[in-house]
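Q: sequence isn't available, so here's the structure alone:
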């Protein structure tokens, strides 16, 4: 058996670091790089990787990914300083900002509690959350971690820590998505939607 | 709506050049790069891209991707110089070399004829194939392009061009894969397997 040339093997190994990229897909990407991309495009990709890693940092206030410090959301004088929406990752911030209706601030945990994976409270961006609740003008904390076991555990942990603090702790609504058919909605979501019913 | 920081957007655009990577997947990879990879890993990936592009070339003899010229297969004195296996891409060479039984040489077309996509004979690595058939000790050409419309058209084109040359032109067998159940084999393959039956 002949091996692939080393520079190709190296590149395949690099692609395989990414989540969901197995050997076959990595081979495809590596060959695409060599076969189909211009040298200038490959150089552009190479530089974009290093630039993103070097220039994107975590906002020291909220933990969101940003190029400027503090991040544009924390720096925006028009945001509502009394509400903090707590999310797992910067992806969630981008998604909520896209929807364009929320005007409060964010706090990015950078994960969920997951004792089995060695992720305890110290691994999450929680210390700065406690500090913000103490020092800032925060009146409400909206917990928007996922409706998974780990997301729920994280939400409950935060609520427990904050139980003696004078701040409203709420959880975003989970239920049937707007526009979805009941018949195509999974059972857990249906259950949750019925439990969390509101007077009409 | 707030946009993502520019270095992240740039990186997302770079990932989206790759086949099968859409916006969501590209975002995931870009965030993984920034969130989860060490700076040294990102630098390693960045360098591997440029190195692969710079150091991998096409073998001037057979068209296979290689770091050395001619490629290790063309340079191997133990290969059977009388047989050329014609394939679409270097991926096919790697796959056949892995199986480890073929001892002849290769010829990589780098694609298939596809008039609709503007790929005619001049876009494929065919001129050097004609030259090899004329000048070298080739006695048999095995056509191993895919059993797709384009692969068949390419095989037929090559057979037609070589019809007056004193060389055996053969096509690899297409049929039911070894170990596969008939019931799970697609109809086109079944048809082909029945048409290409051999006396037993």
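A: Sure, I can see it. Computed from a predicted model, the values in this text were never measured in an experiment. Numbering: from 1, shown residues only, chains lettered A, B, ... in the order given.
Q: in chain A, which residue is closest to the centre?
A: Relative to the mean C-alpha position of chain A, the nearest C-alpha, by Cα atoms, centre = their mean, is the one of residue A:89, at 1.7 Å.
Q: give me the phi and psi angles of that residue.
A: Backbone torsions for residue A:89, taken as degrees, to the nearest 10, come to phi -150, psi 170.
Q: wait, a helix at residue A:112?
A: No: when DSSP: H, G, I helix; E, B strand; the rest coil is applied, residue A:112 is found to be coil, with no helix at that position.
Q: report the contact partners of it.
A: A:88, A:119, A:124, A:145, A:146, A:148, A:150, A:151, A:153, A:154 (Cβ atoms under 8 Å, 6 or more residues apart in numbering or on different chains). C-beta here means a position set from N, CA and C on the backbone, and glycine is covered the same way.
Q: okay if I get those as TSV plus distance to residue A:6 and neighbour count?
A: TSV is the format used below for the contacts of residue A:112 (distance: Cβ to Cβ, whole Å; neighbours: other Cβ atoms under 10 Å in any protein chain shown):
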residue	distance to residue A:6	neighbour count
A:88	39	20
A:119	36	16
A:124	40	21
A:145	44	25
A:146	42	16
A:148	41	12
A:150	40	18
A:151	43	18
A:153	45	15
A:154	44	25
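Q: what is the nearest of these to chain B?
A: When those are ranked by distance to chain B (Cβ to the nearest Cβ), residue A:88 comes first, at 11.4 Å.
Q: wait, the closest one touches residue A:109, no?
A: Yes: shown here, residue A:88 and residue A:109 form a contact pair, counting by Cβ atoms under 8 Å, at 5.6 Å.
Q: for the longest strand anywhere in chain A, which positions count as buried?
A: The longest strand of chain A (DSSP state E) is strand A:80-87. Buried positions in strand A:80-87, judged by neighbour count with 16 or more other Cβ atoms under 10 Å in any protein chain shown: A:83, A:84, A:85, A:86, A:87.
Q: hey, what's in contact with both of residue A:88 and residue A:109?
A: With Cβ under 8 Å, 6+ apart as the test, residue A:88 and residue A:109 both reach A:145, A:154.
Q: who are the packing partners of the helix or strand harbouring residue A:194?
A: Taking DSSP states H and E as the definition, residue A:194 sits inside helix A:187-195. Helices and strands touching helix A:187-195, as assessed by 3 or more Cβ pairs under 8 Å, 6 or more residues apart in numbering or on different chains; DSSP states H and E, are absent.
Q: tell me the average confidence for that helix?
A: In this model, helix A:187-195 has an average pLDDT of 84.
Q: give me the contacts around it.
A: By Cβ under 8 Å, 6+ apart, helix A:187-195 touches A:147, A:174, A:175, A:176, A:182, A:185.
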